[in-house]
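Participant: Predicted model follows, preceded by the sequence.
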Amino acid sequence: MLLPNKLFSYNESVLSKLPLILRELDQPKTPHELLVSLGNTAKSPLELLDALDCLYALKEIELNDVEGRIVRCLQK
């Protein structure tokens, strides 16, 4: 997981992709649909997985086990 440091800027890090992913999740999407909708934002599927791991750990998203779609968590 790339985090900002002396070698990698914020824009190159996984943190810069988190708000973009959350904006795309207005409707539940599969990981493949999300990767396609992000276009060039996520350079590889592994970069997308790192960002999704962060969002899951922050309890911003959850995975629907039945359909395999990523759902944005409701804010309290």
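Facilitator: Alright, I've got the coordinates.
Participant: Counting residues, which helix of this protein comes out longest?
Facilitator: Longest helix in the chain, counting residues (DSSP state H): helix 45-57.
Participant: what's that helix packed up against?
Facilitator: helix 18-24, helix 31-38, strand 61-64 (3 or more Cβ pairs under 8 Å, 6 or more residues apart in numbering; DSSP states H and E). Quick note: C-beta positions are derived from backbone N, CA and C, even for glycine.
Participant: Now mean neighbour count and mean pLDDT too, for those, in TSV please.
Facilitator: Formatted as TSV, those follow (neighbours: other Cβ atoms under 10 Å; pLDDT from 0 to 100):
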stretch	mean neighbour count	mean pLDDT
helix 18-24	15	93
helix 31-38	15	91
strand 61-64	15	90
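Participant: Just send the ones you listed back as TSV, with distance to residue 45 too.
Facilitator: Formatted as TSV, the helices and strands packed on helix 45-57 follow (distance: least, Cβ to Cβ, whole Å):
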stretch	distance to residue 45
helix 18-24	13
helix 31-38	6
strand 61-64	16
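Participant: Now for the nearest residue to residue 3 once chain neighbours are set aside, how many residues are close by?
Facilitator: Nearest non-adjacent residue to residue 3, counting by Cβ to Cβ, 6 or more residues apart in numbering: residue 13, 5.5 Å away. Neighbour count for residue 13, taken as other Cβ atoms under 10 Å: 17.
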